[in-house]
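Enquirer: okay, here's the prediction I keep looking at, along with the sequence it came from:
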Amino acid sequence: MQTDKPILDPCCGGRMFWFDKNNPHVLFCDNREFEGDLWRGVRPFEVRPDIIADFTALPFSDELFWHVVFDPPHLTRPSETGWQYKKYGKLPKEWQPFIKAGFDECWRVLKTNGTLVFKWNEENVTTGSIIEAIGRKPLYGNRSGKASKTHWLCFVKIKAV
């Protein structure tokens, strides 16, 4: 599959961190659509990707995007009827190969000299464990959030010399 959009968000969910949730330069993907509420009918929430796709098997050509933002599910124990599951999804029990496969797919569709930003929240799994699972070290990163549990990690796909 081809696209003229230079940016990919392969697990967009509710597009929560985007300032422009309809940015015309971004291809928003997720493995689901959802429309409902997160809490007693007063917290509407929707997941409306441009394309429904599994981030571990993306339907795109190699080296298609200049920028990829990878924000996979990060919770291991949410109730499948609770608001956190509806909003963020859930990691499988064997999360390491799942996250590695997702990262590898994001890397595959990233152009040489492109950037990949990996957003991770340490509520259940440490960032160090994630870096170990994907087998790549970020170029740099930043902690954010009320308890500094969310990490933004930047990778650059530099051509090997």
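Expert: Cool, the structure landed. Numbers count the residues shown, from 1 in each chain.
Enquirer: nearest residue to the spatially most central residue of the chain in space, please, no chain neighbours.
Expert: Centroid check for the chain by C-alpha atoms, centre = their mean gives Asp71 as the closest residue, at 2.2 Å. In space, not counting the residues next to it along the chain, Asp71 is nearest to Lys119; the distance is 4.1 Å by C-beta to C-beta, 6 or more residues apart in numbering. From N, CA and C alone the C-beta is placed, and that goes for glycine too.
Enquirer: pretty sure that neighbour contacts Val69?
Expert: Yes - using C-beta atoms under 8 Å, Lys119 is in contact with Val69, at 7.0 Å.
Enquirer: so between the two, which is more surrounded?
Expert: Relative neighbour count places Val69 above the other of Lys119 and Val69, with 22 against 16, counting by other C-beta atoms under 10 Å.
Enquirer: for this structure, just list every one of the strands.
Expert: When secondary structure is read from DSSP state E, the chain shows strands at 7-9, 26-30, 34-37, 44-47, 51-52, 65-70, 110-121, 140-144, 150-156.
Enquirer: please compute how far the helix or strand of the chain with the lowest mean pLDDT lies from its chain's middle.
Expert: Across the helices and strands of the chain, mean pLDDT, DSSP states H and E gives its lowest value to helix 83-88, namely a mean of 80. Here helix 83-88 is found 14 Å from its chain centre; the criterion is C-alpha atoms, centre = their mean, to the nearest Å.
Enquirer: circling back: tell me what the residue nearest to Asp71 is bridged to.
Expert: Taking DSSP bridges, one obtains Trp152 as the residues bridged to Lys119.
Enquirer: tell me the contacts of it?
Expert: When the contact criterion is C-beta atoms under 8 Å, 6 or more residues apart in numbering, the partners of Lys119 are Phe17, Val69, Phe70, Asp71, Thr150, His151, Trp152, Leu153.
Enquirer: out of the residues you listed, who has the most neighbours?
Expert: For the contacts of Lys119, counting by other C-beta under 10 Å, the largest number of neighbours falls to Phe70: 24 neighbours.
Enquirer: hmm, Trp66 is touching Pro6, no?
Expert: Yes - using C-beta under 8 Å, Trp66 is in contact with Pro6, at 4.4 Å.
Enquirer: the more surrounded of the two?
Expert: Trp66 (17 against 14).
Enquirer: now do that one, the pLDDT please.
Expert: The confidence metric pLDDT takes the value 98 at Trp66.
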